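1. sharing a model that was predicted from the sequence below.
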Amino acid sequence: MNEQIRKEIERLEESAIKLRALGQENPSILKNAEIILTFVYILKFITPVTGKAEN
Amino acid sequence: MKYWNPFLETLPRKELNKIELGYFRNILSYAKAHTLLYREKLKEITPDDIKTLDDIKKIPFTDKEELRRYQENPPYPYGGILGVDIEKITTFRQTSGTTGKPVYVPESYESWQWRIEAWCHILYMAGFRPRHRIFLPFGYNVYVAFWEAHYASEKLGCELIPGGALDTKGRIHKVIETRANGMMNTPTYGLHIAEEARKMGIEPASLGIERMLCAGEPMPSATRLKLEEIYRCDVYDHIGGTEPCAWAGMCEAKDGMHIIEPFFLVEILDRETLQREVKEGEIGVAVVTPLGRRSFPLIRFNTKDLVIKGEGSCPCGRTSGKIREVVGRTDDLRKVRGVLFSPKTVEEVIRKGFQEIEEFEIIVERRGLMDVISLRAEVNSQLPIGSIEQTKGRLLESLKIATNLSFNVIMEPPGSLPRYMLKAKRFRDMREGDKNE
């Protein structure tokens, strides 16, 4: 279950990074992409891969 | 749903340890790379030195004084404790400054959201859900506690009513007007609201508060039970601080507090050497490492909070470590006539057995070579004058049994002692510069 969630979080991260790159000339897109990345950080923190701890 | 995060809250101890070890190494490495404080302080230590949770004892504690000192460096006002580029800071908070210069706390959007996520555990454990309309009877100012409560309530989906710019009567009216069914306050202010409501002819239980979460002061169980009785509601406690965040909260079993793992690594160490993890039921000092906050990394922060270590299991099914009770602050412990004294004991005695005492104040003075400890006890208006001496006698006896000290008890008339909105200041040690710790 957690592994599946982790995969989705990683996909979200990839998209947000792309969005951030695309939004370099648009402060609103840029900021919202950064906010998604903030929550990606938290999502990763609360879904540690058990067996090998990571952040 | 019983848990805010069913996965984290029911992880086996072994898994939690493994995760926390990994997180600790990460934050250690981050703190060394991004803050002047830890670059200098932990020059000789690398994450590779930390192979087990036991190894973290190799790392020196961080204390408030050190934070103040490193804040003298640029960039203003955070200095060498800042863990991100200053442009990433979105929120300024600070400590109250009651023990010296305030510590300025830098929160980035990320760190603030991390902190709020941890706080959601506290609210959810205390049974708050989206159906709750929560009244917060404070102006939050630059202090962190009620801002956290505010944002965490919002994240949880509760409806939040900020009750800052009102006096106590105005707040009581607002609770009635909005039909709020939850409240967060200091225990002292919860008692004060009840007292004011009664003066207005309103029975506190009729306000409709179902759940109350207390913060800001150590709350003896007798005070918690008194609040439950007055408001006919469930009252919960939690513990935290501006620097380390809120790190433990009470579940619906109301038997001690759960450490919010793996957000925080909490060590409860013996008071004398600060080296040995205490056993269940023993008093120790809480040393806290927030494991994911990067704008203000803290490694092994000595909170100076004295707590009793709790049992390893709980009927609620959560697997996190527990503390049974908050005893007070090491700063509040005093030796009076050679006896170690905590003001919280007096509160416990009063709230448990003396409904007729509305407010109190403890004063320690030195007269000649002798320490004198006095209790000013304010009686409520219902107590017949003829019963005051009897109450005084019972007080003297109960205090002697609970503290092993003979008090000088002074009975005061109704309304004579100050009331507090945030943290109460019921203890004054007049022996200048003499903390006797």
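-> Yep, it's here.

2. what's the spacing between B:Ala165 and chain A?
-> Here B:Ala165 is placed at a distance of 30 Å from chain A (Cβ to the nearest Cβ, to the nearest Å). Yep, even glycine has a C-beta here, placed from its N, CA and C like the rest.

3. likewise B:Lys309?
-> In this view, B:Lys309 and chain A are 24 Å apart by Cβ to the nearest Cβ.

4. which residues pair with the residue lying closest to that residue once chain neighbours are set aside across the strands?
-> Ranked by Cβ to Cβ, 6 or more residues apart in numbering or on different chains and with sequence neighbours excluded, the top spatial neighbour of B:Lys309 is B:Ile268, at 4.8 Å. Per DSSP bridges, the residues bridged to B:Ile268 are B:Ala286.

5. correct me, but B:Ile268 touches B:Glu280?
-> No - taking contacts as Cβ atoms under 8 Å, B:Ile268 lies outside contact range of B:Glu280: 9.8 Å.

6. which neighbours do those two share?
-> When contacts are counted by Cβ atoms under 8 Å, 6 or more residues apart in numbering or on different chains, the set common to B:Ile268 and B:Glu280 consists of B:Lys309.

7. the more surrounded of those two?
-> It is B:Ile268, of B:Ile268 and B:Glu280, that has more neighbours when counted by other Cβ atoms under 10 Å in any protein chain shown, with 25 against 12.

8. and the gap between that one and B:Val285?
-> 7 Å (Cβ to Cβ, to the nearest Å).

9. now list whatever residues contact both of those two.
-> The contact lists of B:Ile268 and B:Val285 share B:Val307, where a contact means Cβ under 8 Å, 6+ apart.

10. return the residues of chain B in contact with chain A.
-> Taking Cβ under 8 Å from any Cβ of the partner chain as the test, the list of chain B residues beside chain A reads B:5, B:7-8, B:11, B:15, B:18-23, B:26-27, B:109-110, B:113-114, B:117, B:262-263, B:292.

11. if we go to 7 Å?
-> Taking Cβ under 7 Å from any Cβ of the partner chain as the criterion, the neighbours of chain A within chain B are B:5, B:7-8, B:15, B:18-19, B:21-23, B:26, B:109-110, B:113-114, B:117, B:262, B:292.

12. tell me, how many residues neighbour the closest residue to chain A within chain B?
-> Going by Cβ to the nearest Cβ, chain A is nearest to B:Gly22 of chain B, at 2.6 Å. When neighbours are counted by other Cβ under 10 Å, B:Gly22 registers 19.

13. from the middle of its chain, how far away would the helix or strand hosting it be?
-> Secondary-structure element containing B:Gly22, defined by DSSP states H and E: helix B:13-34. The offset between the C-alpha centroid of helix B:13-34 and the centroid of the whole chain comes to 25 Å, using Cα atoms, centre = their mean, to the nearest Å.

14. for that helix, packing partners?
-> Taking 3 or more Cβ pairs under 7 Å, 6 or more residues apart in numbering or on different chains; DSSP states H and E as the contact definition, the neighbouring helices and strands of helix B:13-34 are helix B:36-41.
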